[in-house]
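Student: got a predicted structure here, sequence first:
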Amino acid sequence: MQRTLIWDLPTRLFHWTLASSFAIAWLTSEGDQWRAIHVFVGYLMLGLVGFRVLWGFVGSHFSRFASFWFGPKEAIDYLKQVASGHAKRHVGHNPTGSMAIYILLLMAVLVGVSGVITLGGDEQQGLAAGWLSFAQIQLLKKLHELGAMAMLLVVAGHITGVVVESVQHKENLARSMVTGYKQADASTPQASARPLVAVLMLLAMLSFGGWWFYYAIDKAVDGQGWHVKLEKGVGEEPHVKFVGKQLADNKLWRDECGACHAVFYPALLPARSWQKMMAEQDKHFGSDLGFDAATTEAILKFLVDNAGDKHLTEAAFKIDQSVPKDSTPLRITETPYWVNKHREIAASDWANPLVKSKNNCTACHSDADDGTFEDGAMSIPKAPASAASAAAVAASKP
């Protein structure tokens, strides 16, 4: 037995980068503020799988599929041998480990692709933006989540197998995937390190990361209305950059409605709500709008064309789904989705002088004027110290 290079550098780089990417994707799956990172590692995983498939044909001996092409029966038989404590040692991948690798590669593709399509349907962002509607994407979104959970179980099984085999054969398999070396007979084929391929692979990943975080994201938000305002010193930077699509605008609607209050984008109420509101414009929350026929027609057309029924944004879809069809709400803050979405906001936040009221959407949603209401653009402002203290006292009173 002698110290032998088994795993070349590209294989090891692939292994640990894929493992890290999956861990990061899992940890960033719940928080909207981490979406840019979650999506990045998702794309990275798809790229890594593509590389591994290619490397399975042109890589070093033990990295090639031909060296660990075992069937399900051989995998199960090997598992039984492990259970009995008499499993044969394999210098490369054993039959059960091989099956786990194929399953993980397949699942990485399924989870990655379903994630790209889910992003396109649920957030109308990314390569698959617009492929499916908000209503159509819900089943695929569930499958994406279930696929990720199933992949986590396979990863857990894979790690368990590594630990068990390391103990049975008295060798540290995890360390060999770091150093590349294992003890083997003199006749065992040696891998070549392939450092140039590893360097090119690393450069490709770093370039993709640089493009993603410093070009694609920044470039996409440059034209957003909220971003233009930030450049003029208006508003606060959202806690994560996002890519929301541009919605239709209407100067007449913005001028007329914005003359008295903040503009509320039509997608926040169903079309029937806007129709009723304009039909009863002489008693618009205690005021008479006084629009002439032409102005009423033009504004109503914009409101109806971009109403919640059209599901132009995720918020529009969820508001529309929450409102009973026989209900015609005139206040956005009375829709079931709005009430449920804001139920956990503390009284002290509502009392914050930077928020003041429930219809001050722009206080927390930097893209409220644009109507997109992206999750990543939401951030409750911190109250001034004196105001925060007063709000805390008020909230503590019975």
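Tutor: Received the coordinates, thanks. The structure presented is a predicted model; accordingly, all values stated were derived computationally and were not measured. Numbering: from 1, shown residues only.

Student: who touches stretch 113-123?
Tutor: With contacts defined as C-beta atoms under 8 Å, 6 or more residues apart in numbering, stretch 113-123 is touched by 35, 39, 42-43, 46, 125-134, 136-137, 140-141, 143-144, 147, 314, 374. C-betas here are computed from N, CA, C, even on glycine.

Student: and stretch 339-355, how far apart are its ends?
Tutor: 17 Å (C-alpha to C-alpha, to the nearest Å).

Student: work out the gap between that stretch and the centre of the chain.
Tutor: The chain centroid and the centroid of stretch 339-355 are separated by 25 Å under C-alpha atoms, centre = their mean, to the nearest Å.

Student: output the below-cut-off pLDDT ranges for the stretch 251-398 of the chain.
Tutor: For the stretch 251-398 of the chain, applying pLDDT under 70 flags the ranges 376, 385-398.

Student: does anything pack onto the longest helix seen in the chain? Which helices or strands?
Tutor: Counting by DSSP state H, the longest helix found in the chain is helix 134-169. Contacts defined by 3 or more C-beta pairs under 8 Å, 6 or more residues apart in numbering; DSSP states H and E place helix 134-169 against helix 9-27, helix 72-84, helix 95-122, helix 173-179, helix 314-322.

Student: let's see 6 Å
Tutor: On a contact count with 3 or more C-beta pairs under 6 Å, 6 or more residues apart in numbering; DSSP states H and E, helix 134-169 meets helix 95-122.

Student: so which bits of the helix it packs on are buried?
Tutor: Residues of helix 95-122 classed as buried under the neighbour-count rule (16 or more other C-beta atoms under 10 Å) are 95-105, 107-108, 110-122.

Student: tell me how many other residues surround the closest residue to residue 336 other than its chain neighbours.
Tutor: Excluding the flanking residues, the one nearest residue 336 by C-beta to C-beta, 6 or more residues apart in numbering is residue 322, at 3.9 Å. By other C-beta atoms under 10 Å, 17 other residues sit near residue 322.

Student: so residue 322 sits against residue 334, correct?
Tutor: No - between residue 322 and residue 334 there is no contact under C-beta atoms under 6 Å: 10.8 Å.

Student: and the helix or strand residue 43 falls within, how far out from the chain middle?
Tutor: Per DSSP states H and E, residue 43 falls inside helix 35-58. Distance of helix 35-58 from the chain centroid (C-alpha atoms, centre = their mean) equals 16 Å.

Student: now do the strands in the stretch 151-300 of the chain.
Tutor: 181-184 (DSSP state E, counting those that start in this stretch).

Student: tabulate the CA atom coordinates of stretch 139-158 in CSV.
Tutor: Extracted C-alpha coordinates of stretch 139-158, given in CSV (Å, rounded to 0.1, in the frame of the first residue of the first chain):
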residue,chain,number,x,y,z
LEU,A,139,-47.7,23.6,-7.3
LEU,A,140,-44.1,23.8,-8.7
LYS,A,141,-43.1,26.0,-5.8
LYS,A,142,-44.2,23.2,-3.4
LEU,A,143,-42.3,20.6,-5.5
HIS,A,144,-39.2,22.8,-5.3
GLU,A,145,-39.5,22.9,-1.5
LEU,A,146,-40.1,19.2,-1.2
GLY,A,147,-37.3,18.4,-3.6
ALA,A,148,-34.9,20.5,-1.5
MET,A,149,-36.0,18.6,1.6
ALA,A,150,-35.6,15.3,-0.1
MET,A,151,-32.1,16.3,-1.2
LEU,A,152,-31.2,17.2,2.3
LEU,A,153,-32.2,13.7,3.4
VAL,A,154,-30.0,12.2,0.7
VAL,A,155,-27.1,14.5,1.8
ALA,A,156,-27.6,13.3,5.4
GLY,A,157,-27.5,9.7,4.2
HIS,A,158,-24.4,10.3,2.2
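
Student: hmm, who's touching that stretch?
Tutor: Contacts of stretch 139-158 from elsewhere in the structure, counted by C-beta atoms under 6 Å, 6 or more residues apart in numbering, are 100, 103, 104, 107, 110, 111, 114, 115, 117, 118, 122.

Student: quick one: mean pLDDT for that stretch?
Tutor: For stretch 139-158, the mean per-residue pLDDT is 94.

Student: residues of that stretch that come out buried?
Tutor: 140, 141, 144, 147, 148, 151, 154, 155, 158.

Student: before we move on, what about stretch 9-19?
Tutor: 9, 10, 11, 12, 13, 14, 15, 17, 18.

Student: how far away is the fourth one from residue 202?
Tutor: Shown here: residue 12 relative to residue 202, a distance of 12 Å by C-beta to C-beta, to the nearest Å.

Student: what do those two both touch?
Tutor: By C-beta under 6 Å, 6+ apart, no residue touches both residue 12 and residue 202.

Student: residue 349: which of the buried residues of stretch 139-158 is nearest?
Tutor: Using C-beta to C-beta, residue 141 is the member of the buried residues of stretch 139-158 that lies nearest residue 349, at 29.2 Å.

Student: distance to residue 302 for the buried residues of stretch 139-158 - can I get that in JSON lines?
Tutor: Converted to JSON lines, the buried residues of stretch 139-158 look like this (distance: C-beta to C-beta, whole Å):
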{"residue": "140", "distance to residue 302": "32"}
{"residue": "141", "distance to residue 302": "31"}
{"residue": "144", "distance to residue 302": "35"}
{"residue": "147", "distance to residue 302": "41"}
{"residue": "148", "distance to residue 302": "40"}
{"residue": "151", "distance to residue 302": "45"}
{"residue": "154", "distance to residue 302": "51"}
{"residue": "155", "distance to residue 302": "50"}
{"residue": "158", "distance to residue 302": "55"}
